[in-house]
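could you work out the structure for the sequence below:
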Amino acid sequence: MYILEEKIYFWLLCLIPLVILLFLGLTFWRYSAQTKYAQKHLLDHLIPDRSLFKPILKLVTLCFGILFLVLALVNLKAGKKLEIVERKGVDIVFAVDVSKSMLAEDIAPNRLGKSQQLVTQIINNLASDRIGLIAYAGSAVPQLPITTDYGSAKMFLQSLNTELISSQGTAINEAIQLVESYYADDTEVPKVLVIISDGEDHEGEVAAVAEAAAEKGIRIITIGVGTQKGGTIPIKRGGVVREFKKDNQGKTVITKLNTETLTEIAEAGNGVYIDGTITANVIDELKEELDHIDKVAFESQQYADFESQFQWFLAFGLFFLFIDLFYLERKTAWVKKLNLFND
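I've put the predicted structure just below:
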C-alpha cells in the first residue's frame, strides 16, 4: 500500500519540458551561430572534439535528477501493516447558558467566559468521546451536532455570546428536551448531558424533564459557575461599563449562583453537581464520573503503518545531478581513439 503525501509538488515536473525546450533553443542558436563562420561539413574539422551525444546525455541525466528530486518532495510512503482500531467513548453534549446573568463578573473573567474555559479544558482532556454543543437562554438552540471534531467544537464554543438568543431567561428544560434529538434512537453509546449554568431564573418543571431524560438513558451532570454572594450584570458599550442592569423598580440586579436548582437537576438526571470555581477540580470530578461509564465502540477504522521512502529518491536525484556536473560536451579520449567513423 502506498500513499503520496505532498502531491502538489508534481507541478515541479513541468521543469522537465521547460529544460528540454531551453536545450533545443540553445542547440538551435548555437548551430545558427556556428554556421555563420563555417559550412556544416567544415565544422567537424574546426571543432574535432565536439560530441553530438554528450549534450543529449547531460540533458537526460539532468531530467532524471529533477524527476527523482520531485518524487522525494512528494514523499512516497509505503504501508507495511494494517491495523483495525476501534474507537470507544461516550456521547457528551455541552449545554451552555448564554443568558444575560452569565455576564456577571463575580468569577473571572465573567460567568460565560469561565464556562467557555471550562468546556475547552474538558474537551482538551477527552480522548475518544464524541461531543456536541447547545446554547440556551430563554430558549435552546443547537450549535454543533455530535462529532469527533474537537477543533470545530472549540471554535463554535468561543463564538457563544449573550446576544445569540434574543429571548431571555434560563430554559434548562428546553435544553434537556433538545438534547434528546442529538442522540440516535438505536445507539448503544452512553449519553451524557453536561449543563454549565448559574442556575438562575430557570423556567418550568426542570426536575420532571430531567427524570424523563434519565429514563431514556441520558445522564445529566451540572456545573455551576458564579458565587453565592453574587454580582451585578454590567452593560458595556465599546468595551466600557456604562451601567448595571436594573429591575422594574430601578434597583440594580444582583445575580447569584443557584446551586439548589442545579443539584436538583443533576440528582433527577442520575448525575452529579460540580462546583465550577476551580477548573482542575471540575476536570477531575467529571473524569471520575465518565470513568464509571462503560465505553461502547461507535466506529472502527483501518490504519496502515506507513514509512517515508523519500530518502531513496533524494539519493538518486543528487546522484544524477552530481554526475551531470562531470559530463563534458567534448568527445571522450578513448572514444576518439576508436576512430569508428574514419578510415
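
care to break this protein down by domain?
Here the domain assignment for the chain is 2-75+309-338, 87-295, based on automatic domain parsing.

how about the strands in the stretch 51-200 of the chain?
Remark: strands assigned in the stretch 51-200 of the chain by DSSP state E, counting those that start in this stretch are 76-89, 91-97, 130-136, 140-147, 191-197.

out of those strands, which one sits most buried?
Greatest average neighbour count among those goes to strand 191-197 (a mean of 27), per mean count of other C-beta atoms under 10 Å. Quick note: C-beta positions are derived from backbone N, CA and C, even for glycine.

for residue 172, give me its contacts.
Counting by C-beta atoms under 8 Å, 6 or more residues apart in numbering, residue 172 makes contact with 95, 97, 136, 195, 197, 199, 202, 203, 206, 209, 265.

excluding chain neighbours, what is closest to the fifth one?
Beyond its immediate neighbours in the sequence, the residue positioned closest to residue 197 (C-beta to C-beta, 6 or more residues apart in numbering) is residue 97, lying 3.6 Å away.

how much space between that neighbour and residue 274?
Separation of residue 97 from residue 274 (C-beta to C-beta, to the nearest Å): 15 Å.

flag the shaky bits of the stretch 201-343 of the chain, pLDDT-wise.
201-204, 298-305, 327-343 (pLDDT under 70).

again, 90 this time
201-207, 233, 235-253, 291-313, 317, 320-343 (pLDDT under 90).

what about the helices in it?
206-215, 259-268, 279-291, 310-326, 333-338 (DSSP state H, counting those that start in this stretch).

residue 12: which of these is closest?
helix 310-326 (11.5 Å; C-beta to C-beta).

restrict the closest one to CA atoms and write it as PDB.
Listed next in PDB are the C-alpha coordinates belonging to helix 310-326 (Å, rounded to 0.1, in the frame of the first residue of the first chain):
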ATOM      1  CA  PHE A 310      11.800  10.000   0.100                       C
ATOM      2  CA  GLN A 311      15.500   9.300   1.000                       C
ATOM      3  CA  TRP A 312      15.900   6.800  -1.800                       C
ATOM      4  CA  PHE A 313      14.600   9.300  -4.400                       C
ATOM      5  CA  LEU A 314      16.700  12.100  -2.900                       C
ATOM      6  CA  ALA A 315      19.800   9.900  -3.200                       C
ATOM      7  CA  PHE A 316      19.100   9.100  -6.800                       C
ATOM      8  CA  GLY A 317      18.300  12.700  -7.600                       C
ATOM      9  CA  LEU A 318      21.500  14.000  -6.100                       C
ATOM     10  CA  PHE A 319      23.500  11.200  -7.800                       C
ATOM     11  CA  PHE A 320      22.200  12.200 -11.300                       C
ATOM     12  CA  LEU A 321      22.800  15.900 -10.600                       C
ATOM     13  CA  PHE A 322      26.300  15.100  -9.400                       C
ATOM     14  CA  ILE A 323      27.400  13.000 -12.400                       C
ATOM     15  CA  ASP A 324      25.900  15.700 -14.700                       C
ATOM     16  CA  LEU A 325      28.500  18.100 -13.400                       C
ATOM     17  CA  PHE A 326      31.300  15.900 -14.700                       C
END
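
thank you, goodbye.
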